[in-house]
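Colleague: below is the sequence, then the predicted model.
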Amino acid sequence: MDLSIVIVSYNTVDLLRSCLESIYNNTSNISYDVWVVDNQSKDGSPDMVDKEFPQVKLIRNTINGGFSQANNLALKQIKSRYSLLLNPDTIVLKDTLEECVKFMDNNIEIGCLGCKVEKPDGTLDKACKRGFPSPENSLAYFLKLDKIFPNSKVFGGYNATYIGENEETEIDSLVGAFMMLRKETLEEVGLLDDTFFMYGEDIDLCYRIKQAGWENYYYPRVKIIHYKGESSKKQSTRMIGVFHKSMLIFYNKHYRKKYNIVVTAMTYAGVYTKWGLSLLINFFKKEKRVR
C-alpha cells in the first residue's frame, strides 16, 4: 500500500462526508486506504461512515482522548509506505495525493510533507508553513512585528512570512490538517505525543522529525481547501484553554532547559496574557466557530 489516510472525526458529519467524497473522487494511480477514528461523535458521524463509505476502516474510539491519541490508534496499525494526517474539514483536490506520494518517492530525505492549504475564500492558511514557536519567534508574533516586517527572518519567523506562499522549500513546521509522513520517519521518531490533547502536537512532531535529521517540506504545487473556523467566529472557552496550554507543554518539553529563568518567566507571562486577552475578545463575539 502506498498511502494510508487517517482522519479524526468529532461531530463533523457533513464536513467528513465531503472530505471522504473528495478523496475517492480525486485520487487515482496510487494504492491507498482510509481510516476514520471517531472520538465519540453525537451527530451520527460513525454511522454515516458505516453506511455511505463501507470501504473505510472505521475505529470507534472508546474515549475522547484528543487528536493525538485518536490518530495514534490508526497509526499503530498502518503498514503503508506513507501515512497522511488529514482533517475532516478539508477538501482534497484532484491528483494532490498522487503528486505528494510521487514527490516523496523522489526525495528520500523528506520525512514529512505538507501542501498548500487554502481557506474557502482563497487566502492561505498560514499554519501550513511556519517556524517553531521559540521565545524569539513568539515575542515578534505577539508584538505583531511580523506584520511590520513580513520579509524579515528575524521578525517573521513564527508564520514564516518571509517565505512566499508558492515557494517550494524546507520548513520548520507544517500543519496537522495535512501531513504526509514517511513510515521510516515515524518508526524513528515515534508517533504523536498524546500529552497534547489538541493543538501543538503537529509542531511537536515536526520538531522531533527535524531534530532526527529528516526534512519537513512545504510543497505548494498542489493544495487542499480547509474549512477551518475563522478568527471572527466565537470559540469555546475550553478550546481557548487547550490551545494556550499546548504552548506551555511545547515550551516545557523543548525549550525550558535551553533558556534561563527570566526567559521562562516572560514566556509564561506572555502565554497567560494572551490567554486572558483571547477570553476577553471571545466574550464579545456572537457566532460559534465551525469547529
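Modeller: Now that the structure is in, tell me what you want to look at.
Colleague: outline the domain layout of this structure.
Modeller: Here the domain parsing of the chain from automatic domain parsing is 3-129+165-226, 237-283.
Colleague: first-to-last residue distance for the last one?
Modeller: Criterion CA to CA, to the nearest Å; first-to-last residue distance in domain 237-283 is 9 Å.
Colleague: what sits against the residue nearest to His254 when sequence neighbours are not counted?
Modeller: In space, and not counting its chain neighbours, His254 is closest to Tyr207: 5.9 Å by CB to CB, 6 or more residues apart in numbering. C-beta here means a position set from N, CA and C on the backbone, and glycine is covered the same way. Contact analysis of Tyr207 by CB atoms under 8 Å, 6 or more residues apart in numbering lists Phe132, Asp172, Ser173, Phe250, His254.
Colleague: which non-adjacent residue is nearest the first one?
Modeller: On the basis of CB to CB, 6+ apart, the spatially nearest residue to Phe132 that is not a chain neighbour turns out to be Asp172, at 4.9 Å.
Colleague: for burial, what's the neighbour tally of the spatially closest residue to Asn26 that is not a sequence neighbour?
Modeller: Of all residues not flanking Asn26 in the chain, Lys94 sits nearest, at 4.3 Å (CB to CB, 6+ apart). Lys94 has 13 neighbours, counted by other CB atoms under 10 Å.
Colleague: need the per-residue pLDDT for Lys94.
Modeller: Note on Lys94: pLDDT of 96.
Colleague: helix or strand for it, which one?
Modeller: Taking DSSP states H and E as the definition, Lys94 sits outside all helices and strands.
Colleague: so it versus Ser236, what's the distance?
Modeller: Separation of Lys94 from Ser236 (CB to CB, to the nearest Å): 35 Å.
Colleague: follow-up on the earlier one: list the buried ones in the strand or helix carrying the residue nearest to His254?
Modeller: Per DSSP H and E: Tyr207 is located in helix 201-211. Going by neighbour count (16 or more other CB atoms under 10 Å), the buried part of helix 201-211 is Glu201, Asp202, Ile203, Asp204, Leu205, Cys206, Tyr207, Arg208, Ile209, Lys210.
Colleague: thanks again, I'm all set now.
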